[in-house]
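> Give me the fold of what follows.
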Amino acid sequence: NHNHNHNNNYSDIDCIVAEKKGMFRQVLVARLRDGLCLTEDRDNSTAIDPYCFQAKKLVKKLGQTSTPQRCTLNTDGHYLYHVYIEDGVIYLVLCDSSFSSKLAFGFLEALQKEFDQEHGSQVADTKRPYKFITFGLLPLIVCWCVFNVLLKLSIGSCCVSFFHQINASKV
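Okay, the predicted model is just below:
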């Protein structure tokens, strides 16, 4: 017999995780010098196809200009590109315009640390696009969503060890 008396915290977490796609429509990691896409996760909605295409053109242009380490670019009022550049790598997230830029950059910084630790030394010599597609963006995104809900609910938890467990279990 299944107990249906759920604690409200679980429904809050489930709700945020289910809305992951509303938070991060596209997450893209690319090399700065030539815009080579290294890994990507995106919403499956065809409505964001033009924005994803635009993001790929954007990362190619970023290497040709003097770009600040962090910047936010407006699309058409519906979405924002948040860009974080570190050690020759571009970390980009496409979010709904109502999503907190502070949280978006917090996510990008966490993504940068994880990606750099796992693949940082290989980026310069990589020749083929999407070489790191198995990096595991989705577990990091879900983990980030859960972590922020736990902080919001003052439960307190550390999601990084959970993310490492997921990556360690990959085949």
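
> Can you list the buried residues in the lengthiest helix in the chain?
Longest helix in the chain, counting residues (DSSP state H): helix 101-119. By neighbour count with 16 or more other Cβ atoms under 10 Å, helix 101-119 contains the buried residues 103-105, 107-108, 110-112, 114-115, 119. C-beta: built from backbone N, CA, C; applies to glycine.

> now do stretch 70-83
Using 16+ other Cβ under 10 Å as the test for burial, stretch 70-83 gives 70, 79-83.

> Among these, name the ones in strands.
Applying DSSP state E to the buried residues of stretch 70-83, the entries found in strands are 70, 79-83.

> Taking the residues you listed together, which two end up most distant?
Arg70 and Tyr79 (17.3 Å; Cβ to Cβ).

> Please enumerate the helices of the protein.
For the chain, applying DSSP H gives helices covering 8-18, 20-23, 49-62, 101-119, 137-152, 160-168.

> How much space separates Glu40 from Lys102?
Separation of Glu40 from Lys102 (Cβ to Cβ, to the nearest Å): 23 Å.

> and the nearest residue to Gln69 once chain neighbours are set aside, what does it touch?
Leaving aside its sequence neighbours, Gln69 sits nearest to Ile85 (Cβ to Cβ, 6 or more residues apart in numbering; 5.3 Å). Going by Cβ atoms under 8 Å, 6 or more residues apart in numbering, Ile85 touches 32, 62, 67-70, 91.

> ok, of those residues, which one's closest to Ala47?
Distances from Ala47 to the contacts of Ile85, taken by Cβ to Cβ, are shortest for Tyr91, at 23.3 Å.

> Please report the distance of the closest one from Ile48.
18 Å.

> So these two - more neighbours on which side?
Using other Cβ atoms under 10 Å, the more surrounded residue of Tyr91 and Ile48 is Tyr91, with 25 against 20.

> show me the contacts for the more buried one.
Contact analysis of Tyr91 by Cβ under 8 Å, 6+ apart lists 28-29, 83-85, 108, 111-112, 115.
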